[in-house]
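Peer 1: here is my input, please return the structure:
(one chain, ligands or ions: 2)
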Amino acid sequence: MSKLRITQPTATAKVETLIEALPWMTHYADSIIVVKFGGNAMVDDELFEAFAADIAFLRHAGVQAVIVHGGGPHISRMLDALGIESECVAGYRVTSPDAMEVVRMVLGGQAARELVASINERTRQATAVSGEDAGLFQARRKSIEVDGHTVDLGCVGEIEVVDPSVVLADIAAGRIPVISSIASDLDHPRKALNINADRAAAALAVALNAKKLVMLTDVPGLYANYPDPESLISEITAAELRELQPSLESGMIPKVEACLEAVDGGVPCATIIDGREPHAVLLEVFTTDGAGTMVVP
Ligand SMILES: Nc1ncnc2c1ncn2[C@@H]1O[C@H](COP(=O)(O)OP(=O)(O)O)[C@@H](O)[C@H]1O
Ligand SMILES: CC(=O)N[C@@H](CCC(=O)OP(=O)(O)O)C(=O)O
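Peer 2: Residues are numbered from 1 along each chain as shown. Ligands and ions are numbered 1, 2, ... in the order given. Predicted coordinates:
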């Protein structure tokens, strides 16, 4: 008897969750969702496995997931081990030519490989693609303005051309592309540029006419007045977000630029979600309340 009383509500809640997911499965069936994975969620084993499971789930639910991954913590660790200095300014890594070699090696040779292996343990369709492949991301060097001063970021690029044909071919072949945020340098053939992964994900979401861009991070979402917990934003328009933009700091600067680029480019919504929550992607895509902060046009 007592066993029945305990399991009955749990079973009802489980069924309600499944039923709630149905309209969202219909909404996103056969659509492309670009998911940006990076930061701390990427270096925690449990979160890493939960993310791979979510991607496999999306796949079996008929959603075409395209992953753009970062790996800032992996890069920082390797740079430290090699004694190469680097600093982040306004959310972007100042990247020397030596650091660029490490970025290329770590993103393509380590971060992408680990992610592909983990997804393939569940569904054998993940394939690694570098932004340098087949002209996917083509960029020019970028500098930024900080407090009225121009800061040279070195081998950091701003994407100018996206040729998504390699990704579309993978999609057509039934694969799940896992893309490293590196670009070829339009001004120096054979050289690569370091691209912030949020920005790369946004540029790709626009080029693919994605139905959604989801970005995982290490906070519950965007705060109007960070870190005041009362100021967590659940939904915001692009116009409102532009007003908030000057007050933003560090990693939220490129993330918000990415959200605006995506929705301005025709992506119906861009969300920033808490990658520290296991299965945050499923929660965002298949529940009505979703998760984190949603940016709409
Ligand atoms: N307004 C804000 N709302 C949320 N986070 C903010 C805000 N301003 C700055 N941040 C910082 O941005 C960080 C997320 O950016 P970043 O560390 O680059 O993310 P990731 O590595 O996950 O891509 C948060 O940990 C937080 O410290
Ligand atoms: C230019 C720039 O900042 N590039 C990033 C690329 C990786 C990244 O964006 O990783 P996360 O999403 O994990 O932070 C970097 O070098 O760290």
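Peer 1: got the residues of the protein near ligand 2?
Peer 2: Neighbours of ligand 2 within the chain, by CB under 6 Å from any ligand atom: 38-39, 70-72, 75, 92-93, 103, 156, 181, 194, 196-197. Bear in mind the C-beta positions are built from the backbone N, C-alpha and C, glycine included.
Peer 1: now with 8 Å?
Peer 2: For the chain, the contact set with ligand 2 under CB under 8 Å from any ligand atom comprises 36-39, 42, 69-76, 86, 88, 91-93, 95, 99, 103, 107, 153, 156-157, 181, 194-198, 200, 251, 254.
Peer 1: apart from its chain neighbours, what residue comes closest to residue 193?
Peer 2: residue 157 (3.0 Å; CB to CB, 6 or more residues apart in numbering).
Peer 1: look up how far residue 101 lies from the one you found.
Peer 2: In this view, residue 157 and residue 101 are 15 Å apart by CB to CB, to the nearest Å.
Peer 1: okay, these two: which has more neighbours?
Peer 2: Comparing residue 157 with residue 101 by other CB atoms under 10 Å, the one with more neighbours is residue 157, at 29 against 15.
Peer 1: looks to me like the residue nearest to residue 193 is in a helix.
Peer 2: No - counting by DSSP: H, G, I helix; E, B strand; the rest coil, residue 157 is located in no helix; its state is strand.
Peer 1: in contact with it, which residues?
Peer 2: By CB atoms under 8 Å, 6 or more residues apart in numbering, the contact list for residue 157 reads 139-142, 183, 185, 193-195.
Peer 1: just those residues now: which is nearest residue 61?
Peer 2: Closest to residue 61 out of these is residue 195 (29.5 Å), distances taken as CB to CB.
Peer 1: tell me if I'm right that the closest one and residue 131 touch.
Peer 2: Yes - under the criterion of CB atoms under 8 Å, residue 195 makes contact with residue 131 at 6.5 Å.
Peer 1: give the residues shared as contacts by these two.
Peer 2: Shared contacts of residue 195 and residue 131, defined by CB under 8 Å, 6+ apart, are found at 137, 181-183.
Peer 1: just the buried ones out of these, please.
Peer 2: Buried by 16 or more other CB atoms under 10 Å: 137, 181-183, out of the shared contacts of residue 195 and residue 131.
Peer 1: now these as a markdown table including distance to residue 288 and pLDDT?
Peer 2: Formatted as a markdown table, these follow (distance: CB to CB, whole Å; pLDDT from 0 to 100):
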| residue | distance to residue 288 | pLDDT |
| --- | --- | --- |
| 137 | 34 | 98 |
| 181 | 31 | 98 |
| 182 | 37 | 98 |
| 183 | 37 | 98 |
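Peer 1: helices and strands around the lowest-mean-pLDDT helix or strand in the chain, which ones?
Peer 2: Across the helices and strands of the chain, mean pLDDT, DSSP states H and E gives its lowest value to helix 2-28, namely a mean of 81. In terms of contacts (3 or more CB pairs under 8 Å, 6 or more residues apart in numbering; DSSP states H and E), helix 2-28 is packed against helix 280-286.
Peer 1: now do the helix it packs on, average pLDDT.
Peer 2: Per-residue pLDDT over helix 280-286 has a mean of 95.
Peer 1: host element of the residue most central in space within the chain?
Peer 2: Nearest to the mean C-alpha position of the chain, counting by CA atoms, centre = their mean, stands residue 36 at 1.2 Å. For residue 36, the host element (DSSP states H and E) is strand 32-37.
Peer 1: quick check, the very next helix or strand once past that strand touching ligand 1?
Peer 2: Going down the chain from strand 32-37, the next helix or strand is helix 45-60, by DSSP H and E. No - judged by CB under 8 Å from any ligand atom, helix 45-60 makes no contact with ligand 1; its nearest approach is 11.4 Å.
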